[in-house]
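K.L.:
Got a predicted structure plus its sequence, pasted below:
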Amino acid sequence: MNDRRIHILVVDDEPPLTELLTMAMRLAGWEALPAHDGESAVKQARAVLPDAVVLDWMLPDMDGLQVLQRLRALSPTLPVLMLTAKDEVADRIAGLTAGADDYVTKPFSLEEIIVRMRGLLRRSGAAQAPPDSRLTLGDLVMDQDTHEVWRAGKPVQLTPTEFELLRFLLNNPRRVLSKTQILEHVWGYDFGGNSNVVELYVSYLRRKLGVQLIHTVRGAGYVVKPPR
């Protein structure tokens, strides 16, 4: 995987709080992956395995401990920071026993969250990876910080949605991604539109990048491979 940026999954059912946490993660230099319920969080983690998770205890479809168990099944060493209004010792012990690496009670400061997350990333080794904002595939280069793309040394102008679609594909090279996975990651889990929008935007990218990079796997989805 060429992307060396740190990905943090942020799970909370309160949109204003999720937005604040997402903004704080991005200001810290990390890529934030927001989710508003447990099922969405697990799907996000399956699509792009994060380096760490900020997880609220109380969610609308399942509690944080259930989500934690499912995340642990995906990655036993995934660092998880639990958020909760519960401050009883028994609750903290339950969260830590279930596999959480750290525990913060509400209300909290964003600075505290960032400090604790840095500690978790440092202990897990993820923070030791050298930062690299560029993704490459053959002669295609994407700079995630500047949102610039080049093909064979020539700049390619992409819309924000085209850029996010291409970034998701490049983060999963040689992996077949279904329309559902692409919709959930690029357009969001609550997107109520037609799945044909994926085909439409893939066609846009092909026109701009060339048809040799994005391949259709009939009945399965799309995959990016370097040209032969």
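P.N.:
Great, that's in hand.

K.L.:
Report the secondary structure state of the residue nearest the centre of the chain.
P.N.:
In the chain, the C-alpha closest to the average C-alpha coordinate belongs to L33, at a distance of 3.9 Å (Cα atoms, centre = their mean). State at L33, reduced to three classes by DSSP: H, G, I helix; E, B strand; the rest coil: strand.

K.L.:
for this structure, what are the low-confidence residue spans?
P.N.:
By pLDDT under 70, the weakly predicted segments of the chain are 1-4, 86-99, 126-132, 188-195.

K.L.:
how does this structure divide up, domain by domain?
P.N.:
Domain assignment of the chain by the TED database yields the ranges 7-124, 134-224.

K.L.:
ranking these by burial, who's on top?
P.N.:
When neighbours are counted by mean count of other Cβ atoms under 10 Å, the highest per-stretch mean among those falls to domain 7-124, a mean of 18. Glycine gets a C-beta too; all of them are placed from N, C-alpha and C.

K.L.:
Go ahead and name everything in contact with the helix or strand harbouring Q44.
P.N.:
Q44 is part of helix 38-47 when elements are defined by DSSP states H and E. For helix 38-47, contacts defined as Cβ atoms under 8 Å, 6 or more residues apart in numbering pick out 9, 11, 33, 35, 50, 53, 55, 59, 61-64, 66-67, 70-71, 74-75, 78, 168, 172, 181, 184-185, 189.

K.L.:
any idea which helix or strand comes after it?
P.N.:
Along the chain past helix 38-47, the next helix or strand (assigned with DSSP H and E) turns out to be strand 52-56.

K.L.:
Tell me which other helices or strands that following strand touches.
P.N.:
Counting contacts by 3 or more Cβ pairs under 8 Å, 6 or more residues apart in numbering; DSSP states H and E, strand 52-56 packs against strand 7-11, helix 38-47, helix 64-74, strand 80-84, helix 110-124.

K.L.:
Measure how far that strand is from the centre of its chain, please.
P.N.:
For strand 52-56, the distance from its own C-alpha centre to the chain's C-alpha centre is 12 Å (Cα atoms, centre = their mean, to the nearest Å).

K.L.:
Direction included, what does it pair up with?
P.N.:
Applying DSSP bridges, strand 52-56 is found paired with strand 7-11 (parallel), strand 80-84 (parallel).

K.L.:
ok, residues contacting stretch 64-75?
P.N.:
Among residues not part of stretch 64-75, those counted as contacts by Cβ under 8 Å, 6+ apart are 11, 38, 41-42, 45-46, 49, 53, 55-59, 78, 80, 82, 84, 94-95, 98-100.

K.L.:
Quick check: phi and psi on L17?
P.N.:
Its backbone dihedrals place L17 at phi -70, psi -40, with angles given as degrees, to the nearest 10.

K.L.:
Oops, could you answer that again for H215 instead?
P.N.:
Backbone geometry at H215, expressed as degrees, to the nearest 10, gives phi -110, psi 140.

K.L.:
Chain neighbours aside, what residue packs nearest to it?
P.N.:
What sits nearest to H215 in space, not counting adjacent residues and going by Cβ to Cβ, 6 or more residues apart in numbering, is V223, at 5.2 Å.

K.L.:
I'd guessed the one you found sits against I182; true?
P.N.:
No - in terms of Cβ atoms under 8 Å, V223 does not count as a neighbour of I182; the distance is 11.3 Å.

K.L.:
got the CA coordinates for the helix or strand encompassing T22 in CSV?
P.N.:
Element membership for T22, per DSSP H and E: helix 15-27. The C-alpha coordinates for helix 15-27 follow below in CSV (Å, rounded to 0.1, in the frame of the first residue of the first chain):
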residue,chain,number,x,y,z
PRO,A,15,-23.0,14.7,14.0
PRO,A,16,-21.6,17.9,15.6
LEU,A,17,-19.2,15.9,17.7
THR,A,18,-18.2,13.7,14.9
GLU,A,19,-17.5,16.8,12.8
LEU,A,20,-15.4,18.3,15.5
LEU,A,21,-13.4,15.1,16.1
THR,A,22,-12.9,14.7,12.3
MET,A,23,-11.7,18.3,12.0
ALA,A,24,-9.3,17.8,15.0
MET,A,25,-7.8,14.6,13.4
ARG,A,26,-7.3,16.3,10.1
LEU,A,27,-5.6,19.3,11.8
